[in-house]
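Trainee: Just the structure for this:
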Amino acid sequence: MKSPATGTPRWSPDGKQIAFDSTLEGHSDIFVISADGGAPRRLTEGPYDNETPSWSHDGQWVYFTSVRPGAYQVSKLPAQGGAAIQVTATGGQWPAESWDGKSLYYLRDQTIWRRDLRDETESRVIDTLSPIGGDWRHCGKDICLVDRFSSHFVKYDPFAKTKRITPLDVGPFANTDVGMDVSPDGRWVIYSRADSVESDIMMVENFH
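Mentor: Numbering: from 1, shown residues only. Just a heads-up that it's a prediction; the model follows:
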């Protein structure tokens, strides 16, 4: 589909569908398309931006970031279409449900939070100074992230509250596209990095 910006693709758990966001009509909305191709099916409507979708562990729901005036909130809607339900009340972005469907993880104020989907309690999971955005993933029962300020790869057990920190060459810090993922066997990490950052000093003559 042709639009100024289409991205954040996410496979459904059964591998048959892909959720993504796209600015088809000037604002971002969530779409689902068959992995075999075809016409995308729209799940959200404007006027606000809806972005960064992810699937529930059973494929029945699609979580997403809903951009409302003054706040980012996590919402969800049925994967087959229907009314959206707001999940968070105090803000959240980049939602990801846990492997067992009992918790929802999301980013708020550069902190990854966990929301218990049974009693709706929230707890801080891991803090980072790096503007991680999409630089984190579930890796099994752990959380893996790339901290670009400290140049580390962090693997964190949110229940034992233990970290394993590994130095990582993330390249020069730059305002470029970021993102990472972990292989299913947990042995490999892929991530984006800036190879170089260049700048020039310019002089303007007769500046008034």
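
Trainee: Pairing-wise in the sheet, spell out the partners of residue 97.
Mentor: Using DSSP bridges, the beta-bridge partners of residue 97 come out as residue 104.

Trainee: any idea which element the residue nearest to the spatial centre of the chain lies in?
Mentor: Centrality entry for the chain: nearest residue to the mean C-alpha point is residue 94, 3.3 Å, by CA atoms, centre = their mean. Secondary structure assignment for residue 94, by DSSP states H and E: strand 93-97.

Trainee: what is the mean pLDDT for that strand?
Mentor: In this model, strand 93-97 carries a mean pLDDT of 93.

Trainee: picking that back up, the residue nearest to the centre of the chain contacts residue 51, correct?
Mentor: No - with contact defined as CB atoms under 8 Å, residue 94 does not count as touching residue 51 (9.4 Å). Heads up, the C-betas are built off the backbone N, CA and C, glycines and all.

Trainee: Are there residues contacting both of those two? Which ones?
Mentor: The overlap between the contact sets of residue 94 and residue 51 (CB atoms under 8 Å, 6 or more residues apart in numbering) consists of residue 65.

Trainee: Break this structure into its domains for me.
Mentor: Each structural domain of the chain that the record assigns through automatic domain parsing is listed here as a residue range: 1-127, 129-194.

Trainee: any idea how far the longest one is from the chain center?
Mentor: What separates the centre of domain 1-127 from the centre of its chain is 8 Å, taken as CA atoms, centre = their mean, to the nearest Å.

Trainee: ditto for the shortest one
Mentor: From the chain centre to the centre of domain 129-194 is a distance of 13 Å (CA atoms, centre = their mean).

Trainee: List phi and psi for residue 45.
Mentor: Backbone geometry at residue 45, expressed as degrees, to the nearest 10, gives phi -130, psi 150.

Trainee: any idea how far residue 123 is from residue 150?
Mentor: Here the distance between residue 150 and residue 123 works out to 23 Å (CB to CB, to the nearest Å).

Trainee: Could you check which of the two is surrounded by more residues?
Mentor: A side-by-side neighbour count of residue 150 and residue 123, using other CB atoms under 10 Å, places residue 150 first with 15 against 10.

Trainee: With that, I have no additional questions.
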